[in-house]
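> Here is the input, now give the coordinates:
(one chain, ligands or ions: 1)
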Amino acid sequence: MTEQTPDQVHDVVIIGSGPAGYTAAVYTARANLSPIVLAGSVTAGGELMNTTEVENFPGFPEGVMGPDLMMNMEAQARRFGADIRHEDATAVKLDQPIKEITLGSGAVLHSRAVILATGSAYRELGVPGEKALSGHGVSWCATCDGFFFREQEIAVVGGGDSAMEEALFLTKFASKVYVIHRREELRASQIMADRAKANEKIEFIWNSEVTEVHGEGKVNQLALRNTVTGAASTLDVTGLFVAIGHDPRVDLFKDQLQLTEDGTVWVDGRSSKTSLPGVFAAGDVLDPTYRQAITAAGSGCAAAIDVEHWLGAMASSDALEDQMAVQAA
Ligand SMILES: Cc1cc2nc3c(=O)[nH]c(=O)nc-3n(C[C@H](O)[C@H](O)[C@H](O)COP(=O)(O)OP(=O)(O)OC[C@H]3O[C@@H](n4cnc5c(N)ncnc54)[C@H](O)[C@@H]3O)c2cc1C
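Just a heads-up that it's a prediction; the model follows:
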């Protein structure tokens, strides 16, 4: 482990330890940049720690358990010397040549480059049974889990475009897809709403919300409440897809760099470069569209290569030293 001395300036600090952060760690470690990964004090490994089988990450023909995949990624990054710390970044100063990252312990790291790989949190319903049955019938990702629900009756909660997209995608597998929506009208665009309404496998349950997810080890029923009359009912399904949005984890730095209208970190074209020099982003935190483990990993790779090029350019032009002199003055 690299010991932090007060004057030590690291090449790169990576905040976040999902597929994006660990892939960036593998690449930057193999490029001799001695990355420090702030993996999070209780959430190391990212979203896939909360799931069971992952069947769409290439290289695992029989599938792999989410936590196993993430522990393998961590081990791979460590093998090349990444300094992985199970700590949170609690504050950052990014708009200066040498970035400052304050940790939960109070220690402060200094780094020439930072990769933001903090991911995006899927919104939860917050009802009993939802968490306990996550990965056992409750899902936030049709692309990831639709395949497990062939010829089954399932439900999607939500009324926006992504809920319609999820529902339409799920009709490829399920025998029936209920769309449960709190209101009588969809928020989705007309074209998506029309497509969903025209699909004979989709049935809408209007003015309704899920109040509890039932099942012993696997979802078998939802408890519903009518939002107008208050009447309670149940719906027998084996799967529940929660599609009520997601929140990119940008609180730490949202006031310091440019965001998109989706709330994700803005990056320059296909690169990982944010609006601040030396600050790069990777994974779901910049991605309003794909949000898959493999796209996050690919994006971590891109960020690592961008950091390598950027540090190389800075070193050869002495630009960073000039900026540091300005910062010190
Ligand atoms: C239940 C579930 C099942 C899924 N199944 C699949 C699947 O089968 N296949 C698939 O391809 N995708 C799946 N996904 C999507 C996939 O998990 C995400 O696309 C992917 O994990 C995004 O990777 P990431 O590295 O960008 O972020 P994340 O995996 O979200 O990791 C970000 C990490 O950064 C940490 N972090 C945030 N802020 C800080 C901070 N200040 N300090 C330190 N650490 C911080 C977070 O706590 C987290 O650990 C699933 C998602 C969920 C929720």
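> Briefly note if stretch 217-232 comes near the ligand.
No - legend: contact between stretch 217-232 and the ligand by C-beta under 6 Å from any ligand atom is lacking; minimum distance shown is 13.5 Å. Glycine gets a C-beta too; all of them are placed from N, C-alpha and C.
> can you check stretch 77-89 too?
Yes - judged by C-beta under 6 Å from any ligand atom, stretch 77-89 comes into contact with the ligand at D88, A89.
> Return the set of buried residues in that stretch.
A77, R78, F80, G81, A82, D83, I84, R85, E87, D88, A89 (16 or more other C-beta atoms under 10 Å).
> any idea what sits nearest whichever residue of the stretch 151-300 of the chain sits closest to the ligand, other than its immediate chain neighbours?
Residue nearest to the ligand within the stretch 151-300 of the chain (C-beta to the nearest ligand atom): G283, separated by 2.2 Å. Residue nearest to G283 in three dimensions, not counting chain neighbours: A20, with 2.7 Å by C-beta to C-beta, 6 or more residues apart in numbering.
> Please apply the same query to K93.
Excluding the flanking residues, the one nearest K93 by C-beta to C-beta, 6+ apart is E100, at 4.2 Å.
> May I have the secondary structure class of the residue nearest to G283?
Following DSSP: H, G, I helix; E, B strand; the rest coil, A20 is assigned to helix.
> What are the neighbouring residues in contact with it?
Remark: with contacts taken as C-beta atoms under 8 Å, 6 or more residues apart in numbering, A20 is in contact with G46, A117, G119, A282, G283, D284, V285, A296, A297, S299, G300, A303.
> try 10 Å
Going by C-beta atoms under 10 Å, 6 or more residues apart in numbering, A20 touches 14, 46, 115-119, 272, 281-287, 293, 295-304.
> shaky segments in the stretch 101-250 of the chain?
Under the criterion pLDDT under 70, no range of the stretch 101-250 of the chain is flagged.
> Can you check the pLDDT for the closest residue to G104 other than its chain neighbours?
The spatially closest residue to G104, leaving aside those adjacent along the chain, is D88, at 4.4 Å (C-beta to C-beta, 6+ apart). Note on D88: pLDDT of 97.
> now swap in N50 and tell me
pLDDT, read off for N50, is 81.
> Could you number the chain from 20 rather than 1 from now on?
Got it, the first residue is 20 from now on, which makes the last one we talked about N69.
> The nearest residue to it once chain neighbours are set aside pairs with what?
Residue nearest to N69 in three dimensions, not counting chain neighbours: S153, with 5.9 Å by C-beta to C-beta, 6+ apart. Under the criterion DSSP bridges, S153 forms beta bridges with V157.
> Now for the closest residue to the ligand within the stretch 70-219 of the chain: which residues touch it?
At 2.2 Å from the ligand, G138 is the closest residue in the stretch 70-219 of the chain, using C-beta to the nearest ligand atom. G138 is in contact with 35-40, 59, 62, 65-66, 265, 267-268, 301-304, 306, 310, 315, counting by C-beta under 10 Å, 6+ apart.
> switch the cut-off to 7 Å
Shown in contact with G138 (C-beta atoms under 7 Å, 6 or more residues apart in numbering): G35, G37, G65, E66, R268, G302, D303, V304.
> Can you mark which positions in the biggest strand by length in the chain are buried?
For the chain, the longest strand by residue count, based on DSSP state E, is strand 127-135. Burial within strand 127-135, assessed by neighbour count using 16+ other C-beta under 10 Å, is assigned to L128, H129, S130, R131, A132, V133, I134, L135.
> Which elements pack onto the following helix or strand past that strand?
Downstream of strand 127-135, the next assigned helix or strand under DSSP states H and E is strand 139-141. Packing contacts for strand 139-141, counted by 3 or more C-beta pairs under 7 Å, 6 or more residues apart in numbering; DSSP states H and E, involve strand 265-267.
> How far does the strand it packs on sit from its chain's centre?
Taking C-alpha atoms, centre = their mean, to the nearest Å, one finds the center of strand 265-267 at 8 Å from the center of the full chain.
> partners of it in the sheet?
When DSSP bridges is applied, strand 265-267 pairs with strand 139-141 (antiparallel).
> hang on, the earlier thing: give me the subset of the buried residues of strand 127-135 touching the ligand.
Counting by C-beta under 6 Å from any ligand atom, no member of the buried residues of strand 127-135 reaches the ligand.
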